[in-house]
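J.: What would the 3D arrangement of this be:
(chains A and B)
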Amino acid sequence: MAGITVAGVARSFGEVHAVRDASFEVARGSVAGLIGPNGAGKTTLLLMLASLLAPDSGTIRIAGYDPVTEPHQVRRRMGWMPDVLGSWPTLSVRVALATSARMYGMGADEASARAQELIELVDLAPLAEQATRVLSRGQKQRLSLARALVHDPEVLLLDEPASGLDPAARAELRELVRRLAGEGKTILVSSHVLAELEEMADSAVYLAAGATAAPEDVARAGRAARHWRIRSLDAERLVAALGAAGFGEVAVVDRLGAVVPLASEQDAAQLLAHLIGTGVPVSSFAPAVGDLEHVFHDLNRAGGDA
Amino acid sequence: MTGFLQGMWLIVALDLKQRVRGVAWYVLLGVFVLLVTIVTTLVVIATNAWDSGGGAVFSTVVFFVLLLGTLVSPALSGNAINGEREAGTLATTQVTLVTTAQLVLGKWLAAWITALAFLAASVPFLAFGVVLGEVSASTIAVSLLVLAVEVGVIAAIGVGLSGVITRPLFSVVVTYLVVAALSIGTLIAFALGGAALQSTVHQTYIAVDYEQLDENGLAPDGGEVPCLAPVVNEYPTPRWDYVWGFLAANPYVVVADASPGTFDEHGSPRDLFGWIAVGVRQAQHAPDLEPVYDECADWEKYGPYGYGGGETDSETPQEVYERSVPSWFVGLSIHVLLGAGALAWAWRCTEVPARRLAAGSRIA
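T.: This next block holds a predicted model:
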């Protein structure tokens, strides 16, 4: 059974259709990225999954329960990290986490033990006795993540978890998310940083203008022509060789080398062999953007054309 | 469901913990005690209370505490829920196992307990009235109890409106307006309502025909008293009995009316609260629209000089007080219903998963 199932979900606020038609599944023990441009309805969708907002139509199942009719069961099993963390400003990190634990029905001792575990998990030990209002944005994000994990939920909903984190903390977050998925948790992560999702997500849900992209569209977008970046020790010879191979019209040359659109991986392999064969000193030959980003842009373009 | 009270208490404790760590609350409490001290001192001097007893001191301090309590309470409660929403901590609480009912009731209890601290600070000043004499301990107990309920009602209205209205500033202001409506608006409504709803009184007057009496002022030949034909006068009278509910809903009236009425041997109230209570209860009774002043009949009953010397059948204040509906009970019931209604409304507006959202509001 899937950890998260969403079928035909729609939600509008007055005239604004924030989510029009969202359908996807996230398998247990896997990490899915929720990708979409600003205003695509990502946060609205996550609020519905988090049992805070009722959908106008469609069905949602979190760990098998309906957040509308069985919110209590859902909340027991679901951890939600909001895009903007509110924290009780005058409470210390430790007290804030222990209070959250108690809100999930833990006793006082159990709650303070859990708070200690989480403080270590997210590296907030030096700040444990500080009031939460003095935390930096990145530290607040870590507190928020700890809060979402406080009752050891089966399903995790993370809304922009990496924003405000430094590169080291991002790497730790990535590791933590992978480890939690390894423990069998279902994780849905929304982010703008696609390169980062690329490294932690097993699958992706593309949301544009309130609708999720159909799997066949995603597959087609993945196969569509994409840009490859080629760098060479000798830029002039590279440009000359590309011109000779018939790419003079479409190649975009800049200081970093050239960007060439290619229809498939086969074409890429062929071009690389050709460049090497003609003696161009190629130092780098790779997709200009990651898979997720490629699909994201392609779907957005398609959405714009429609 | 063993956890309902536990979960609610968690919210109360969380709220109080945050309040006691702020400075604002202590400053308010200090100012409050200072003001009550000043007022008590001035009233003691003004009423010469050392010699004449503490009744006036007590009544004044109770009213003053009620005034300050109703002024402070909205500030303590009016942003309870929407303030959390703005800070982004409401949604993180609502995704836990704490229910909306626990949240709303917990917020209310926390605001009430905070307001009760102000009441507790005023107890020494009320007890001072007992030391000065003439105020019974039961009067103090009842007054304190009613004061406590009244600030609880204001707290409920404040928390309720903070759940209904999106902007914290706006909900605090509306709470103040509700307090003003109860304290002053009820008086205006009572006065204008009573004056607008007037009835006409038809007063019949049957006089003795003094011209036919003999020189001793007696009926001629010891016979029947000569009477004049009845004269009917018409004049308008305000109908307080239609609008007395407004007056009963005034918190000051509730506090005054609830304190046990004590009367002297003539049936007159002994203190300010008693006079207010009698006045309010008097308003419940419809005026006699067809009064008959039969001087002739009185003459026959009491004789020529009996009039005025004998027993009159008009009521004493105590009799009026005792045969009327206790107006504090009506007023307090109205207040409790208002408070409970506000909390229930807040509960409906804050319930998640949310179906309807006010324009411009955010869940998280």
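
J.: Identify the residue of the stretch 51-200 of chain B closest to chain A, quick one.
T.: Per C-beta to the nearest C-beta, residue B:88 is where the stretch 51-200 of chain B lies closest to chain A, at 2.4 Å. Backbone N, C-alpha and C define where each C-beta goes, glycine included.

J.: wait, is residue B:96 part of a helix?
T.: No: checked against DSSP: H, G, I helix; E, B strand; the rest coil, residue B:96 lies outside a helix; its state is coil.

J.: Tell me how many other residues surround it.
T.: 23 (other C-beta atoms under 10 Å in any protein chain shown).

J.: What number of residues are in the vicinity of the residue lying closest to it once chain neighbours are set aside?
T.: Spatially, and ignoring its direct neighbours in sequence, residue B:96 is nearest to residue A:103 (3.7 Å; C-beta to C-beta, 6 or more residues apart in numbering or on different chains). Residue A:103: 26 surrounding residues under other C-beta under 10 Å.

J.: swap in residue B:288?
T.: 10.

J.: which residues touch the residue of the stretch 51-200 of chain B closest to chain A?
T.: A:82, A:84, A:85, A:86, A:87, B:364 (C-beta atoms under 8 Å, 6 or more residues apart in numbering or on different chains).

J.: Tell me where the stretch 51-200 of chain B has strands.
T.: Along the stretch 51-200 of chain B, the stretches classed as strands by DSSP state E, counting those that start in this stretch are B:198-206.

J.: try the stretch 251-364 of chain B
T.: Going by DSSP E, counting those that start in this stretch, the stretch 251-364 of chain B shows strands at B:292-294.

J.: Neighbours of the residue in chain A positioned nearest to chain B, how many?
T.: Taking C-beta to the nearest C-beta, chain B has its nearest neighbour within chain A at residue A:86, 2.4 Å off. By other C-beta under 10 Å, 20 other residues sit near residue A:86.

J.: again with residue A:119
T.: 20.

J.: Report the secondary structure state of it.
T.: Per three-state DSSP, residue A:119 ends up helix.

J.: How about the contacts made by it?
T.: Contacts of residue A:119 (C-beta under 8 Å, 6+ apart): A:93, A:94, A:97, A:125, A:128, A:146.

J.: repeat for residue A:173
T.: Applying C-beta under 8 Å, 6+ apart, the residues near residue A:173 are A:145, A:161, A:162, A:165.

J.: Kindly report the same for residue B:194.
T.: Taking C-beta under 8 Å, 6+ apart, one finds B:238, B:239, B:240, B:242, B:243, B:283 in contact with residue B:194.

J.: Mind checking which of those are buried?
T.: B:238, B:239, B:240, B:243, B:283 (16 or more other C-beta atoms under 10 Å in any protein chain shown).

J.: Wait, a helix at the residue of chain A closest to chain B?
T.: No: read with three-state DSSP, residue A:86 is coil and lies in no helix.

J.: Run a quick neighbour tally on residue B:91.
T.: Residue B:91: 21 neighbours (other C-beta under 10 Å).

J.: same deal with residue B:289?
T.: Residue B:289 has 12 neighbours, counted by other C-beta under 10 Å.

J.: List the backbone torsions phi and psi for it.
T.: phi -90, psi -10 (degrees, to the nearest 10).

J.: And residue A:29, by the same measure?
T.: phi 80, psi 10.

J.: quick one: least confident helix or strand in the chain?
T.: Picked chain A for this. helix A:291-305 (a mean of 70; mean pLDDT, DSSP states H and E).

J.: The intended chain is chain B.
T.: Going by mean pLDDT, DSSP H and E, chain B bottoms out at helix B:49-52, a mean of 66.

J.: so what's residue B:314 scoring on pLDDT?
T.: Listed pLDDT for residue B:314 reads 69.

J.: before we move on, the earlier item: check what pLDDT the residue nearest to the residue of chain A closest to chain B when sequence neighbours are not counted gets.
T.: In space, and not counting its chain neighbours, residue A:86 is closest to residue B:88: 2.4 Å by C-beta to C-beta, 6+ apart. On the pLDDT scale, residue B:88 is placed at 87.

J.: thinking again about what came up before, name the member of the contacts of residue A:173 with the most neighbours.
T.: residue A:161 (27 neighbours).

J.: Run through the bridge partners of the closest residue to residue B:231 other than its chain neighbours.
T.: Leaving aside its chain neighbours, residue B:231 sits nearest to residue B:205 (4.9 Å; criterion: C-beta to C-beta, 6+ apart). Beta-bridge pairing for residue B:205 (DSSP bridges): residue B:231, residue B:293.

J.: Pretty sure residue B:205 sits against residue B:296.
T.: No: between residue B:205 and residue B:296 there is no contact, the gap being 10.1 Å when judged by C-beta atoms under 8 Å.

J.: Among the two, which residue is more densely surrounded?
T.: residue B:296 (18 against 14).

J.: picking that back up, flag every buried residue along the least confident helix or strand of chain A.
T.: Residues of helix A:291-305 classed as buried by neighbour count (16+ other C-beta under 10 Å): A:292, A:293, A:294, A:295, A:296, A:297, A:298, A:299, A:300, A:303.

J.: so what's the residue of chain A closest to chain B up against?
T.: B:84, B:87, B:88, B:89, B:90, B:91, B:92, B:364.

J.: Now do the second one against residue B:103, distance only.
T.: Taking C-beta to C-beta, to the nearest Å as the criterion, residue B:87 is separated from residue B:103 by 14 Å.

J.: In terms of neighbours, single out the busier of the two.
T.: A count of neighbours by other C-beta under 10 Å puts residue B:103 above the other of residue B:87 and residue B:103, at 28 against 15.

J.: low-confidence ranges in chain B?
T.: Residues of chain B meeting the criterion pLDDT under 70: B:1-2, B:49-54, B:133-134, B:217, B:222, B:302-314, B:358-364.

J.: Break it down into its structural domains.
T.: Per the record, chain B has its domains at B:4-189+B:330-350, B:196-241+B:255-323, by automatic domain parsing.

J.: Show me the strands in chain A, by range?
T.: A:2-13, A:16-27, A:31-35, A:57-62, A:78-81, A:155-159, A:186-190, A:203-208, A:211-212, A:226-232, A:252-254, A:257-262, A:282-287 (DSSP state E).

J.: so can I have CSV of these showing mean neighbour count, mean pLDDT and distance to chain B?
T.: Listed next are the strands of chain A as CSV, based on neighbours: other C-beta atoms under 10 Å in any protein chain shown; pLDDT from 0 to 100; distance: least, C-beta to the nearest C-beta, whole Å:
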stretch, mean neighbour count, mean pLDDT, distance to chain B
strand A:2-13, 19, 93, 6
strand A:16-27, 19, 92, 11
strand A:31-35, 25, 92, 16
strand A:57-62, 18, 95, 10
strand A:78-81, 26, 95, 5
strand A:155-159, 25, 95, 9
strand A:186-190, 25, 95, 13
strand A:203-208, 21, 88, 18
strand A:211-212, 22, 90, 20
strand A:226-232, 19, 86, 36
strand A:252-254, 12, 82, 42
strand A:257-262, 18, 85, 40
strand A:282-287, 14, 88, 36
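
J.: Can you say which of those is nearest to residue B:201?
T.: Closest to residue B:201 of the strands of chain A is strand A:2-13 (C-beta to C-beta; 60.8 Å).

J.: all helices of the stretch 51-200 of chain B, in order?
T.: Counting by DSSP state H, counting those that start in this stretch, the stretch 51-200 of chain B has helices at residues B:55-77, B:80-87, B:89-94, B:100-132, B:137-164, B:168-180, B:186-196.

J.: looking at those helices, which is closest to residue B:212?
T.: helix B:186-196 (43.1 Å).

J.: Alpha carbons of the closest one, in PDB - could you do that?
T.: Once non-C-alpha atoms are left out, helix B:186-196 reads as follows in PDB (Å, rounded to 0.1, in the frame of the first residue of the first chain):
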ATOM      1  CA  THR B 186     -26.800  48.800  28.100                       C
ATOM      2  CA  LEU B 187     -27.500  52.000  30.200                       C
ATOM      3  CA  ILE B 188     -28.200  54.000  27.000                       C
ATOM      4  CA  ALA B 189     -30.400  51.200  25.600                       C
ATOM      5  CA  PHE B 190     -32.300  51.000  28.800                       C
ATOM      6  CA  ALA B 191     -32.900  54.800  29.100                       C
ATOM      7  CA  LEU B 192     -33.800  55.300  25.400                       C
ATOM      8  CA  GLY B 193     -35.800  52.100  25.200                       C
ATOM      9  CA  GLY B 194     -37.800  53.000  28.300                       C
ATOM     10  CA  ALA B 195     -38.400  56.500  27.100                       C
ATOM     11  CA  ALA B 196     -39.400  55.400  23.600                       C
END
